[in-house]
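**Student:** turn this into a model:
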Amino acid sequence: MENSYLITVLRTLDKKEIRDFKKWLISPAHNQREDVEDLFLYLTSSNHLEDDKYLQKERVFKKVFPKEAFDDAKLRQTIHFLTKSVEEFLVFSEWNSNDIRFQITLASIYRKRNLEKAFRKTMRSSEVKQKNSPYRNNVYLENEYLLQNEKYAFWSGRTKRQSTFNFQEISDALDAMFITNKLKLLCFSDSHKAVVKANYNIGLEEEVIRHIEQENLQERPAVGIYYYILKAFKSPEESQYYEKLKEQIHDFGHHFPDSELNDIVLLALNYCMARINAGEKRFNREAFEYQQMGIERDIFLENNQIDSTTFRNIVVNGSILNEFDWVEQFIDSYQKYLPSADREKMSHYCKAILFFIKGDYEKCRDLLIHFDYDDILLTTQAKSMLIRLYYEQDEYDLLEALLESTRNYLARKKVMGYRREQIMSMIRLTRKLVRVNPYDEKRKGKLKQEIINAKYFAEKGWLLRQVEAL
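**Tutor:** Okay, here's the model as predicted:
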């Protein structure tokens, strides 16, 4: 039972949700089965959800049905009904969290029941809440469309002779809702294509951009931020789009909930990382400022967890900028938010990054020598560190073996995007570095020029420094 769908869902509930769901189960309107309530109380007491020994089917059954012999079918039925109740509770909670959407739904119910007074009152309340909403994101625009649509449904059902309807307001709201969601999709798909080899045929891109520019819609927060993200991705060398994006995040970031601001910051970070990979060093500091903002505002925490990739990128970038004390404090204080399955390996790996960039190679080597991770990108980054470490410690036999094993590893992995080609370039050029005669100025010069001419990869600067040190 420890790997069941029910247990997986229950483990995501926080303390308040557990209290609220308990009240939900007690209500006869939602549950009339005592065994379902007993199962929930057992599972959520003490540390039963975390310790697998408490989740053995026979043990659970004995607690829920103490006077009966074990019956697997009966237990599965109880689990089924509890799972169904949890799902209903989560759907209701999610819907109820959007107060404006709740009010619009209620107004629709009153309209269908011909309760005009109740409808008007509820709509007025909805419009006030909409006007005072702190957010101006796509959810706000969707609510605006639903409000305008509900107004039309009300009036069109009462008179066909009214001189005007709110068709313009409906159209404007629908356009804004569609454009914002289309922009978000374009931004995320472009960002994803930069990481892995994937092709998406997202239609109407040119038409949407043209309409935004013709109507000057980029001045709206929900449109503007994603418009400038997309323009920055499409034209990375034209810095005015990125600068405008920075301005929009600074001016309008508070108009987005933390979960969406997290996505926006990550998209901005992806742009910065692409510019760093193109050799523009100033974007290391730009990226670090976004990362610090994310930490200060807790926008990187979702369900009280920080994504492992986000955690690693913060450590890498801060270390490159010699923010060693800040990075060390970050690792120590934030590793507890890493997913439990990744926590130990990721914190060790990130400490290895810190030690490597600080030049404390012995500590780095101790952490990396037995490193094993199922993440392709993380594994190649660990191998890259060990390659540089072995070279700088004159461990040429270990270095040659690692170069060959890394090359073979990459040959088996096809879905890596640009990073695969970067590591392959590093392997090829590192081999040439090892074999070049340090007294042959001509060959050294040729190798240096070959490194300079190579497409950017993270280890390029390191290789140049090693050639110059020969």
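**Student:** helices along the stretch 301-450 of the chain, start to end?
**Tutor:** 308-320, 324-334, 343-358, 361-368, 376-392, 396-412, 418-435, 441-453 (DSSP state H, counting those that start in this stretch).
**Student:** average pLDDT for the shortest one?
**Tutor:** Yep, that's helix 361-368 we're talking about. Summarised as a single mean, pLDDT over helix 361-368 is 87.
**Student:** just for this protein, where's the confidence low?
**Tutor:** Low-confidence segments of the chain, defined by pLDDT under 70: 159-163, 194-197, 370-374, 414-417.
**Student:** quickly list the domain ranges of it.
**Tutor:** Listed domain ranges for the chain are 5-97, 170-289, 300-369, 374-470 (source: automatic domain parsing).
**Student:** ok so, going back, make JSON lines out of the helices of the stretch 301-450 of the chain and add distance to residue 137 and mean neighbour count.
**Tutor:** Just so you know, the C-beta spots here come from the backbone N, C-alpha and C atoms, and that holds for glycine as well. Below are the helices of the stretch 301-450 of the chain laid out as JSON lines (distance: least, CB to CB, whole Å; neighbours: other CB atoms under 10 Å):
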{"stretch": "helix 308-320", "distance to residue 137": "21", "mean neighbour count": "22"}
{"stretch": "helix 324-334", "distance to residue 137": "27", "mean neighbour count": "16"}
{"stretch": "helix 343-358", "distance to residue 137": "31", "mean neighbour count": "20"}
{"stretch": "helix 361-368", "distance to residue 137": "41", "mean neighbour count": "17"}
{"stretch": "helix 376-392", "distance to residue 137": "30", "mean neighbour count": "20"}
{"stretch": "helix 396-412", "distance to residue 137": "40", "mean neighbour count": "14"}
{"stretch": "helix 418-435", "distance to residue 137": "31", "mean neighbour count": "18"}
{"stretch": "helix 441-453", "distance to residue 137": "45", "mean neighbour count": "14"}
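**Student:** of all the domains of the chain, which lies closest to residue 106?
**Tutor:** With CB to CB as the criterion, residue 106 lies closest to domain 5-97 of the domains of the chain, at 11.3 Å.
**Student:** returning to that earlier point: distance to residue 79 for the helices of the stretch 301-450 of the chain - can I get that in TSV?
**Tutor:** Formatted as TSV, these follow (distance: least, CB to CB, whole Å):
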stretch	distance to residue 79
helix 308-320	31
helix 324-334	35
helix 343-358	29
helix 361-368	42
helix 376-392	36
helix 396-412	41
helix 418-435	43
helix 441-453	60
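**Student:** out of those, which gets nearest to residue 263?
**Tutor:** Here helix 308-320 is closest among the helices of the stretch 301-450 of the chain (CB to CB), at 11.6 Å.
**Student:** tell me how far the closest one is from the chain's mean position?
**Tutor:** 14 Å (CA atoms, centre = their mean, to the nearest Å).
**Student:** can you list contacts of stretch 338-358?
**Tutor:** When contacts are defined by CB atoms under 8 Å, 6 or more residues apart in numbering, stretch 338-358 is touched by residues 305-306, 308, 311-312, 315-316, 319-320, 324, 327-328, 331, 335-336, 361, 363-364, 367-368, 371-373, 378, 382, 385, 388-389.
**Student:** next: stretch 50-70.
**Tutor:** 1-2, 7, 11, 35, 38-39, 42-43, 46-49, 71-72, 74-75, 78.
**Student:** do stretch 8-17 as well
**Tutor:** In contact with stretch 8-17 (CB under 8 Å, 6+ apart) are residues 21, 43, 44, 49, 50, 83, 86, 87, 90, 93, 303, 304.
**Student:** since we're on the second one, how many residues are nearby?
**Tutor:** Think residue 43. 23 (other CB atoms under 10 Å).
**Student:** surely it and residue 37 touch.
**Tutor:** No. Counting by CB atoms under 8 Å, residue 43 sits too far from residue 37 to count as a contact (11.0 Å).
**Student:** so how far is residue 156 from residue 164?
**Tutor:** Distance of residue 164 to residue 156, computed by CB to CB, to the nearest Å: 12 Å.
**Student:** of the two, who's got more company?
**Tutor:** Set residue 164 next to residue 156 and count neighbours by other CB under 10 Å: residue 156 wins out with 12 against 7.
**Student:** wait, the more buried one sits on residue 165?
**Tutor:** Yes. Residue 156 is within contact range of residue 165, at 6.6 Å (criterion: CB under 8 Å).
**Student:** from the contacts of stretch 8-17, list just the buried residues.
**Tutor:** By neighbour count, with 16 or more other CB atoms under 10 Å, these hold 21, 43, 44, 49, 83, 86 as buried.
**Student:** picking that back up, tabulate the contacts of stretch 8-17 (a markdown table), appending secondary structure and distance to residue 15.
**Tutor:** Formatted as a markdown table, those follow (DSSP: H, G, I helix; E, B strand; the rest coil; distance: CB to CB, whole Å):
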| residue | secondary structure | distance to residue 15 |
| --- | --- | --- |
| 21 | helix | 11 |
| 43 | helix | 14 |
| 44 | helix | 10 |
| 49 | coil | 12 |
| 50 | coil | 14 |
| 83 | helix | 21 |
| 86 | helix | 16 |
| 87 | helix | 20 |
| 90 | helix | 16 |
| 93 | helix | 14 |
| 303 | coil | 13 |
| 304 | coil | 11 |
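**Student:** just put these in a markdown table and tack on distance to residue 448.
**Tutor:** Output for the contacts of stretch 8-17, formatted as a markdown table (distance: CB to CB, whole Å):
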| residue | distance to residue 448 |
| --- | --- |
| 21 | 65 |
| 43 | 64 |
| 44 | 64 |
| 49 | 59 |
| 50 | 56 |
| 83 | 64 |
| 86 | 63 |
| 87 | 62 |
| 90 | 60 |
| 93 | 61 |
| 303 | 49 |
| 304 | 49 |
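**Student:** and of these, the nearest to residue 421?
**Tutor:** Comparing the contacts of stretch 8-17 against residue 421 with CB to CB places residue 303 closest, at 35.2 Å.
**Student:** disregarding residues adjacent in the polypeptide, which is nearest to the closest one?
**Tutor:** Spatial nearest neighbour of residue 303, excluding adjacent residues (CB to CB, 6 or more residues apart in numbering): residue 12 at 6.2 Å.
**Student:** show the buried residues in the contacts of stretch 50-70.
**Tutor:** 1, 7, 38, 39, 42, 43, 48, 49, 75, 78.
**Student:** can you show me the helices along the stretch 151-300 of the chain?
**Tutor:** Under DSSP H, counting those that start in this stretch, the stretch 151-300 of the chain gives helices at 167-193, 205-215, 221-234, 239-252, 258-277, 282-296.
**Student:** which one of the ones you listed lies closest to residue 140?
**Tutor:** helix 221-234 (6.8 Å).
**Student:** ok, residues contacting that closest one?
**Tutor:** By CB under 8 Å, 6+ apart, the residues outside helix 221-234 that reach it are 136-138, 140-141, 176, 179-180, 183-184, 186-187, 190-191, 194, 209, 212, 217-218, 238, 241-242, 244-245, 248-249, 252, 255-256, 264, 267-268, 271, 274.
**Student:** list the contacts of the residue sitting nearest the centre point of the chain.
**Tutor:** In the chain, the centroid-proximal residue (CA atoms, centre = their mean) is residue 263; its distance is 6.2 Å. Applying CB under 8 Å, 6+ apart to residue 263 gives the contacts residue 188.
**Student:** number the residues from 821 up from this point.
**Tutor:** Got it, the first residue is 821 from now on, which makes the last one we talked about residue 1083.
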